[in-house]
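A.B. asks: I need the structure of the sequence given here:
(chains A and B)
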There are 2 protein chains.
Amino acid sequence: MNKVDNTRELIIQTSLALFNKKGYSQTSIQDIMKATGLPKGAIYRRFENKNEIAIASFEYSVSIIWNHFFEATKSKVTATDKLIAMCHIYKDAVNNPPVDGGCPLLNTAIETDFGFPELHDKAAEAHNHTLIIIQSIIDEGIRSKEFLQDVDSYSLASFLFSTIEGAVMASRLSLNNEHMLHSIGQISILLQHYSEKN
Amino acid sequence: MNKVDNTRELIIQTSLALFNKKGYSQTSIQDIMKATGLPKGAIYRRFENKNEIAIASFEYSVSIIWNHFFEATKSKVTATDKLIAMCHIYKDAVNNPPVDGGCPLLNTAIETDFGFPELHDKAAEAHNHTLIIIQSIIDEGIRSKEFLQDVDSYSLASFLFSTIEGAVMASRLSLNNEHMLHSIGQISILLQHYSEKN
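C.D. replies: Residues are numbered from 1 along each chain as shown, chains lettered A, B, ... in the order given. You can find the predicted model right below:
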């Protein structure tokens, strides 16, 4: 049995909020030392450099989001209810997102668009995996005849996630969650359209 | 008649691509000197500091986007065609967005979420103004009875812009414009739903 390295966990969990708020380029090892209360040696014994902490923190952040998705959907029966419940994890994007500082996938995608290609690739993988999770719920709804049989599940999954990510940006920018609620409302209408019995 | 300061224009137009790609914090006055070929004095005679260049560059970037919106919609007759034409300005978000480096509103919103509050406020204003432009097109479609009378034009405008912004992120992250095209396709279906004659 592997012993859990609590110090490593502390570094990751403390850093992910710093990275998600200030960005990778603006967060220094000194910031991480200050926030964790650890000396430099305790950090460098566990991570070769800041980039290695950034990648581990990003992967941990994404696992938090997926865990929120899982928790939000597990008690829901219909595909529509599951999809709307997933959207709701960002219903208070302004003050209480699953990871402090907004959506780590969105923030990382934007910050690493020119630079830090290794982390950009991790964000692209996480985006792809998230679409697969959403698509599987839509496919379930098609199989159970909740949705019309000609619904393009990948297209709908891509659209749903883009809408939520854009609404996180809009809500946080305007300090007003109404943008997230408007997007969820319009998504509900589209899902209803796809479940109309013709 | 005011004489146009060509050097000021050169600084703004060169800087906006640097800022939109590398971000504000990662772009230095030295980068701007190198890209414009201007000495430091020529820059500081026109701008007090980097932040002042950033704000002028952001405002210029947003005017480019709005101009693309205007050009894309002016020959369209229906509200639906105008809204879809607006979305299409980002149809090649990966390789040929209206401003090199992706959407300046999205990039600026994310980068200034914690820090540079003056620019964050400018981005929030630009977001708000963009929604008013989109809402006015939807209201036109309601008045002309192209859309159903109970469509909530502000909610739909907020949703449309969030979707496009999220799809810019998704397309650029995955280096694949299919995400933008999927979002435009789903938006088209929703607009069609809103124009069904009941």
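
A.B. asks: list the contacts of the most centrally placed residue in chain A.
C.D. replies: Chain A has A:I65 as the residue nearest its centroid, 4.6 Å off, counting by C-alpha atoms, centre = their mean. Residues in contact with A:I65 (C-beta atoms under 8 Å, 6 or more residues apart in numbering or on different chains) are A:89, A:98-99, A:103-105, A:130. All C-beta spots, glycine's among them, are computed from the backbone N, C-alpha and C.

A.B. asks: from those residues, which two are the most distant?
C.D. replies: A:V99 and A:T130 (13.9 Å; C-beta to C-beta).

A.B. asks: for the residue nearest to the centre of chain A, grab phi and psi.
C.D. replies: Torsion angles at A:I65 (phi, psi; degrees, to the nearest 10) stand at phi -60, psi -50.

A.B. asks: and the pLDDT at the closest residue to A:T78 other than its chain neighbours?
C.D. replies: Spatial nearest neighbour of A:T78, excluding adjacent residues (C-beta to C-beta, 6 or more residues apart in numbering or on different chains): A:E146 at 5.7 Å. For A:E146, the pLDDT comes out at 97.

A.B. asks: roughly how far does A:E146 sit from B:L131?
C.D. replies: Separation of A:E146 from B:L131 (C-beta to C-beta, to the nearest Å): 33 Å.

A.B. asks: just A:M180 next, same as before
C.D. replies: 14 Å.

A.B. asks: neighbour count winner among the two?
C.D. replies: A:M180 (27 against 21; other C-beta atoms under 10 Å in any protein chain shown).

A.B. asks: wait, that one touches A:P97, no?
C.D. replies: No. Shown here, A:M180 and A:P97 do not form a contact pair, counting by C-beta atoms under 8 Å, at 10.1 Å.

A.B. asks: list residues touching both of the two?
C.D. replies: With C-beta under 8 Å, 6+ apart, A:M180 and A:P97 have common neighbours A:90, A:168.

A.B. asks: tell me how far A:S61 lies from A:I164.
C.D. replies: 16 Å.

A.B. asks: now A:C103
C.D. replies: In this view, A:C103 and A:I164 are 8 Å apart by C-beta to C-beta.

A.B. asks: joint contacts of the two?
C.D. replies: Here A:C103 and A:I164 share the contacting residues A:Y90, scored by C-beta under 8 Å, 6+ apart.

A.B. asks: which residues of chain A score low on pLDDT?
C.D. replies: Chain A contains residues with pLDDT under 70 at A:1-2, A:197-198.

A.B. asks: top helix in it by residue count?
C.D. replies: Ranked by residue count, the top helix of chain A under DSSP state H comes out as helix A:117-143.

A.B. asks: okay, buried residues for that helix please.
C.D. replies: By neighbour count on 16 or more other C-beta atoms under 10 Å in any protein chain shown, the buried set for helix A:117-143 is A:119-120, A:122-124, A:126-127, A:130-131, A:134-135, A:137-139, A:141-142.

A.B. asks: let me know the closest of these to B:A79.
C.D. replies: The closest of these, once distances to B:A79 are taken by C-beta to C-beta, is A:I138, at 28.7 Å.

A.B. asks: and the closest residue to the closest one other than its chain neighbours, how far from A:Q13?
C.D. replies: Closest residue in space to A:I138, ignoring its immediate chain neighbours: A:S153 at 4.0 Å, by C-beta to C-beta, 6+ apart. Taking C-beta to C-beta as the measure, A:S153 falls 35 Å from A:Q13.

A.B. asks: now do A:R143
C.D. replies: 38 Å.

A.B. asks: now do A:Y44
C.D. replies: Counting by C-beta to C-beta, the gap from A:Y44 to A:Q13 is 18 Å.

A.B. asks: where do the helices sit along chain A?
C.D. replies: A:6-22, A:29-36, A:40-44, A:50-73, A:79-87, A:104-111, A:117-143, A:153-174, A:178-194.

A.B. asks: and the ones you listed as a markdown table, adding distance to B:L160?
C.D. replies: Shown next, in a markdown table, are the helices of chain A (distance: least, C-beta to C-beta, whole Å):
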| stretch | distance to B:L160 |
| --- | --- |
| helix A:6-22 | 27 |
| helix A:29-36 | 38 |
| helix A:40-44 | 45 |
| helix A:50-73 | 25 |
| helix A:79-87 | 16 |
| helix A:104-111 | 18 |
| helix A:117-143 | 20 |
| helix A:153-174 | 9 |
| helix A:178-194 | 8 |
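
A.B. asks: so which of those comes closest to B:A85?
C.D. replies: Nearest to B:A85 among these is helix A:153-174 (18.5 Å), distances taken as C-beta to C-beta.

A.B. asks: other SSEs contacting that closest one?
C.D. replies: helix A:79-87, helix A:104-111, helix A:117-143, helix A:178-194, helix B:104-111, helix B:117-143, helix B:153-174, helix B:178-194 (3 or more C-beta pairs under 8 Å, 6 or more residues apart in numbering or on different chains; DSSP states H and E).
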